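J.: After the sequence you'll find the predicted model.
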Amino acid sequence: MHTKFFVTTPIYYVNDKPHVGSTYTTVAADALARAYRLRGIPTLFLTGTDENSQKNLEAADKAGAKDLQSYLDGMALIWQKTWRELGITFDDFIRTTEERHHRAVEKFWKSVEQSGDIYKATYEREYCVGCESFKTPFDLQDGKCPLHPNRPLEKVSEENYFFRASAYAQDLLKLYHDKQDFVQPQSRQNEIRSYVKNAFEDFSISREAKKLACGISVPGDESQRIYVWFDALVNYMSAVGYGTDNKLFAKWWPATLHLVGKDIIKFHCALWPAMIMSAAKSDPSLRYANGEPKLPEHIFAHGFFTIEGQKISKSLGNAVDPLDLVKKYPFDAVRYYLLREISFGEDGDFAAQRLEDRYASDLANNLGNLVNRSVSMSRKYFDNRIPTTNIQETLRGLPETVWGGADNLEGLWQTVDQYIEASRWDMALEAIWSGEAVSLSAANKYVEQTQPFRMIKENPENAAKVLYTLLEACRHFAWMVEPVMPNVAADIIRQLGQDPETERQKGIKELKKWGGLQPGAELPEPKILFPRLENKKI
RNA sequence: CGCGGGGUAGAGCAGUUGGCAGCUCGCCAGGCCCAUAACCUGGAGGUCGUGGGUUCAAGUCCCACCCCCGCAACCA
């Protein structure tokens, strides 16, 4: 595990409100952030909005906003509000129109300039507004942008500033080679490698101010504005004090993990590290003691969604508003579904039916039912209390049963931690649900094999052991899934007669130990964790 | 020679470093009765797109081929 965890989402364009795509990225980041916080690791979770884009200007006009700034303010608020309602625990929200960001960009630009990697050149090329990037003949297909064939290319002939990105191609290739997990999943690293190898050119990083109504001015040249990507990427640094708070910056940079969609990997995995390599040459705060540039440690590119098998599209009316979603389903369930159903890094499909299946099967039948039956039996047979038993004797399961005991539980914790470190919640959750010796499934089997409801008559001592084991296991499972389903986890802890906040204070080491439940403690009346979803079609 | 994703049981999907082909749902037959008609056991169901190759061993690596999906705008 890391000594600190600084995770970011991309900054989102505010030309629209959040939808499942941005929600997916942000929920994934949130679950990771919560996991590290729970583990006592200093965590900073950053998200925000990209407000210097021409697209926003178009959107503001379209929305009939009285001026750009009030439009941006309104949208930024909507994004923040949406995230809060989805239980997103971001620590900071950066807006690229903020002063701190402007100062960071300015400093960054100057560093790159000082390193000799900014030069002026006149050139004529095609600019695609859709991509917000220049296209080389190599990029074009039939003279059109292959991504936006119906959007006319702008012929641009002007004097701009360029970033000498090509000078870093070799260093980037070396980086990918030396650090196999710099870009994940592996297939994306391959893609990036071939891009850098074959098509990595210098970037134009400014436009004439008179043609661009918004954006940050080039330091020392008011007639030019900084290209949106060159500005946007720096947000990851400006939020942690680059150019404004050296101490803060030293504490948090470099980022541990940039979470991005697969469409923007070129910018994050090639341009961004190249920019840092350059700036680091003249800015010691961007270098380690050994002189190496402080690059982000990992970049994870997730896949895209289809909705019910179809591409997300407003004209089809299938864009899902996350706020509508959490009106229909508990947000814990939505979070669980997003993180469990799609293998992180792959494309996936969002289907209401699947969500409901998972809800009924994984959540209600397995998790909810296990907690409910365990608590109910304990209350019934042991006077509304956690059975009194010798905890030492519950370290192992009864002979001839599947239950693997405390050692295996420790192993499961390790597995979960390992998958979290790889950002693979899908795998972590699968292990919790259906691992061999210790899991929700194993716990349910343990009930069948030992039959405490029968055992209570013949061998109450063993029944006490089994039930204590089940309750204690539930406590562990609750903490394992807490980052994904914070409300559900808290409910389980309460049903076990503990206070979630008091428990959390004890720290992860304590929580991971076997025997956290006090034998003989009172058990409150259990409530259904996952009520049936009747007629709740989305 | 555009870019990318994918073809594994009826449906939906996993398969990190090559080592008996798995999961969820559905279906069939049992069990249990603590529990949210939940839980457990057993079973049927697969030429892992096709053809070659490497290997003691390939869904997994290599080569060729076939098929499907996305790529106006919105957009991770």
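T.: Happy to help now that I have it. Numbering: from 1, shown residues only, chains lettered A, B, ... in the order given.

J.: C-alpha from now on. contacts and neighbour counts both.
T.: OK.

J.: So what's the residue count around whatever residue of the stretch 201-350 of chain A ends up closest to RNA strand B?
T.: The stretch 201-350 of chain A approaches RNA strand B most closely through A:Gly261 (2.7 Å), counting by Cα to the nearest atom of the strand. Residues within reach of A:Gly261, counting by other Cα atoms under 10 Å, total 19.

J.: Quick check: beta-bridge partners of A:Gln184?
T.: A:Phe300 (DSSP bridges).

J.: Could you tell me which residues make contact with it?
T.: A:His298, A:Ile299, A:Phe300, A:Ala301, A:Gly345 (Cα atoms under 8 Å, 6 or more residues apart in numbering).

J.: switch to 10 Å and redo it
T.: A:Asn190, A:Leu259, A:His298, A:Ile299, A:Phe300, A:Ala301, A:His302, A:Phe344, A:Gly345, A:Ala422, A:Ser423 (Cα atoms under 10 Å, 6 or more residues apart in numbering).

J.: From A:Gly303, how far off is it?
T.: Separation of A:Gln184 from A:Gly303 (Cα to Cα, to the nearest Å): 11 Å.

J.: intersection of neighbour lists for the two?
T.: Common neighbours of A:Gln184 and A:Gly303, using Cα under 10 Å, 6+ apart, are A:Phe344, A:Gly345.

J.: got a pLDDT number for whichever residue of the stretch 351-500 of chain A sits closest to RNA strand B?
T.: For the stretch 351-500 of chain A, the residue closest to RNA strand B is A:Gly368, as judged by Cα to the nearest atom of the strand, at 3.1 Å. Here, the pLDDT recorded for A:Gly368 equals 96.

J.: returning to what we had before: next step: the contacts of A:Gln184 restricted to strands.
T.: Among the contacts of A:Gln184, DSSP state E puts A:Leu259, A:His298, A:Ile299, A:Phe300, A:Ala301, A:His302 in strands.

J.: In PyMOL, select just the buried ones from these.
T.: Selection of buried members from the ones in strands among the contacts of A:Gln184 for PyMOL, criterion 16 or more other Cα atoms under 10 Å:
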select buried, chain A and resi 259+298+299+300+301+302
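
J.: just the CA coordinates of the biggest helix by length in chain A, formatted as PDB?
T.: Secondary structure assigned by DSSP state H gives helix A:460-481 as the longest helix of chain A. The C-alpha atoms that make up helix A:460-481 are tabulated as PDB, following Å, rounded to 0.1, in the frame of the first residue of the first chain:
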ATOM      1  CA  PRO A 460     -25.600 -25.000  22.300                       C
ATOM      2  CA  GLU A 461     -21.900 -24.400  22.800                       C
ATOM      3  CA  ASN A 462     -21.100 -25.100  19.200                       C
ATOM      4  CA  ALA A 463     -24.100 -23.200  18.100                       C
ATOM      5  CA  ALA A 464     -22.800 -20.200  20.000                       C
ATOM      6  CA  LYS A 465     -19.400 -20.600  18.300                       C
ATOM      7  CA  VAL A 466     -21.000 -20.800  14.800                       C
ATOM      8  CA  LEU A 467     -23.200 -17.800  15.400                       C
ATOM      9  CA  TYR A 468     -20.400 -15.800  16.800                       C
ATOM     10  CA  THR A 469     -18.300 -16.600  13.800                       C
ATOM     11  CA  LEU A 470     -21.100 -15.600  11.400                       C
ATOM     12  CA  LEU A 471     -21.700 -12.300  13.100                       C
ATOM     13  CA  GLU A 472     -18.000 -11.500  13.400                       C
ATOM     14  CA  ALA A 473     -17.600 -12.400   9.700                       C
ATOM     15  CA  CYS A 474     -20.400 -10.100   8.800                       C
ATOM     16  CA  ARG A 475     -18.500  -7.300  10.600                       C
ATOM     17  CA  HIS A 476     -15.500  -8.000   8.500                       C
ATOM     18  CA  PHE A 477     -17.500  -8.100   5.300                       C
ATOM     19  CA  ALA A 478     -19.100  -4.800   6.200                       C
ATOM     20  CA  TRP A 479     -15.700  -3.100   6.500                       C
ATOM     21  CA  MET A 480     -14.500  -4.700   3.300                       C
ATOM     22  CA  VAL A 481     -17.400  -3.300   1.300                       C
END
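
J.: Any buried residues in it, and which?
T.: Buried residues in helix A:460-481, counted by 16+ other Cα under 10 Å: A:460, A:462-481.

J.: Which SSE is immediately downstream of that helix?
T.: Later in the chain than helix A:460-481, the nearest helix or strand by DSSP states H and E is helix A:486-495.

J.: re earlier: how about the ones in strands among the contacts of A:Gln184, which pair is most distant?
T.: Spanning the widest gap among those are A:His298 and A:His302, at 12.8 Å by Cα to Cα.

J.: Find residues that contact each of the two.
T.: Taking Cα under 10 Å, 6+ apart as the contact rule, A:His298 and A:His302 both touch A:Gln184, A:Leu259.

J.: May I ask you to confirm that A:Ile276 is in contact with A:Phe108?
T.: Yes - judged on Cα atoms under 10 Å, A:Ile276 makes contact with A:Phe108 at a distance of 8.7 Å.

J.: Show me which of these two is the more surrounded one.
T.: A:Phe108 (26 against 21).

J.: same for the host helix or strand of the more buried one, what does it pack against?
T.: Element membership of A:Phe108 [criterion: DSSP H and E] is helix A:99-114. When contacts are defined as 3 or more Cα pairs under 10 Å, 6 or more residues apart in numbering; DSSP states H and E, helix A:99-114 packs onto strand A:92-95, strand A:118-128, strand A:154-163, strand A:217-218, strand A:221-226, helix A:228-233, helix A:235-238, helix A:272-282.

J.: try 8 Å
T.: helix A:235-238, helix A:272-282 (3 or more Cα pairs under 8 Å, 6 or more residues apart in numbering; DSSP states H and E).

J.: which of those helices sits most buried?
T.: By mean neighbour count, with neighbours taken as mean count of other Cα atoms under 10 Å, helix A:235-238 ranks first of the helices and strands packed on helix A:99-114 at a mean of 26.

J.: Show me which residues of whichever helix or strand comes after that one are buried.
T.: Next helix or strand after helix A:235-238 toward the C-terminus (DSSP H and E): helix A:246-252. Neighbour counts over helix A:246-252 (16+ other Cα under 10 Å) mark A:Phe249, A:Trp252 as buried.

J.: repeat for stretch A:192-203
T.: A:Ile192, A:Arg193, A:Val196, A:Phe200, A:Glu201, A:Asp202, A:Phe203.

J.: Kindly present those as CSV, with separate columns for secondary structure, distance to RNA strand B and pLDDT.
T.: CSV is the format used below for these (DSSP: H, G, I helix; E, B strand; the rest coil; distance: Cα to the nearest atom of the strand, whole Å; pLDDT from 0 to 100):
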residue, secondary structure, distance to RNA strand B, pLDDT
A:Ile192, helix, 8, 85
A:Arg193, helix, 10, 83
A:Val196, helix, 11, 85
A:Phe200, coil, 13, 81
A:Glu201, coil, 16, 82
A:Asp202, coil, 19, 86
A:Phe203, strand, 19, 85
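
J.: now, among the residues you listed, which is nearest to A:Pro500?
T.: Using Cα to Cα, A:Ile192 comes nearest to A:Pro500 of those, at 44.0 Å.

J.: Please give the element, helix or strand, for the residue lying closest to that closest one once chain neighbours are set aside.
T.: Leaving aside its sequence neighbours, A:Ile192 sits nearest to A:Lys266 (Cα to Cα, 6 or more residues apart in numbering; 6.6 Å). Here A:Lys266, judged by DSSP H and E, is contained in helix A:265-266.

J.: That helix - contacts with which helices or strands?
T.: So helix A:265-266, by 3+ Cα pairs under 8 Å, 6+ apart, packs with helix A:186-199.
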